[in-house]
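Engineer: Provided below for reference: sequence and predicted model.
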Amino acid sequence: MPKKSAKALTRTPTGLDIVLEGPGAINSLMSERALLRAIIDLAHMYGWRVAHFRPGMSSRVDELGRPVWVTPVQADGRGFPDLVCVRDRVLFIEAKSEAGELASAQRDWRDAIAAAGGEHYVFRPSDWLQIEGVLR
C-alpha cells in the first residue's frame, strides 16, 4: 500500500484509509459515524456479536428547520452506549469524534456500567490501536 509522506497508511476492515501520524493517532477528521462503522466491522472480524440501535428521523424539526433524529427507547434508554459487543465477555462502547463530548445521560450509563463491573469504553479515532487491542 502506498505511503503518504512519512505517515503510514493502513486500511480498516471497512476499507477506510487511515493515516497513522503517531502512536495510536489517526485522522482527527474522522466522523463518529465512520468510526462506529469501522469498530463494528473490526468487531465482526474478531468474532463479536454486535448490537447498535440507529436513530430514526422524526417528524420534528429543530430551530434551524433540520429534521430531528431520535432513537425510540423506553425506561432508562436515553444515553445508552452506541454498541454492545458480546463474545467471551460483554463490552459497552461509545464512539465519539475527537471533539465529541459525553452527554450527561451517557456519563450516567458509563458510571452505572462501571459500578456493576462492566467494561465501558469511550473510543475516538485517535484510539484506533487501543480499539484493536480491546477487540482482539
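Structural biologist: Everything's here; your move.

Engineer: tell me the contacts of the residue nearest in space to the middle of the chain?
Structural biologist: The chain has residue 95 as the residue nearest its centroid, 2.4 Å off, counting by C-alpha atoms, centre = their mean. Contacts of residue 95 were listed using C-beta atoms under 8 Å, 6 or more residues apart in numbering, and they are 32, 35-36, 39, 82-83, 123-124. Quick note: C-beta positions are derived from backbone N, CA and C, even for glycine.

Engineer: please, where are all the strands along the protein?
Structural biologist: 8-11, 17-20, 49-51, 56-61, 67-70, 83-86, 90-95, 119-123 (DSSP state E).

Engineer: among the contacts of residue 95, which ones are in helices?
Structural biologist: If you go by DSSP state H, the contacts of residue 95 have 32, 35-36, 39 in helices.

Engineer: tell me the one of those residues nearest residue 102?
Structural biologist: Among the ones in helices among the contacts of residue 95, residue 32 lies closest to residue 102 (C-beta to C-beta), at 12.0 Å.

Engineer: can you pull the pLDDT of the closest residue to the closest one other than its chain neighbours?
Structural biologist: Ranked by C-beta to C-beta, 6 or more residues apart in numbering and with sequence neighbours excluded, the top spatial neighbour of residue 32 is residue 97, at 4.7 Å. At residue 97, the pLDDT value in this model is 92.
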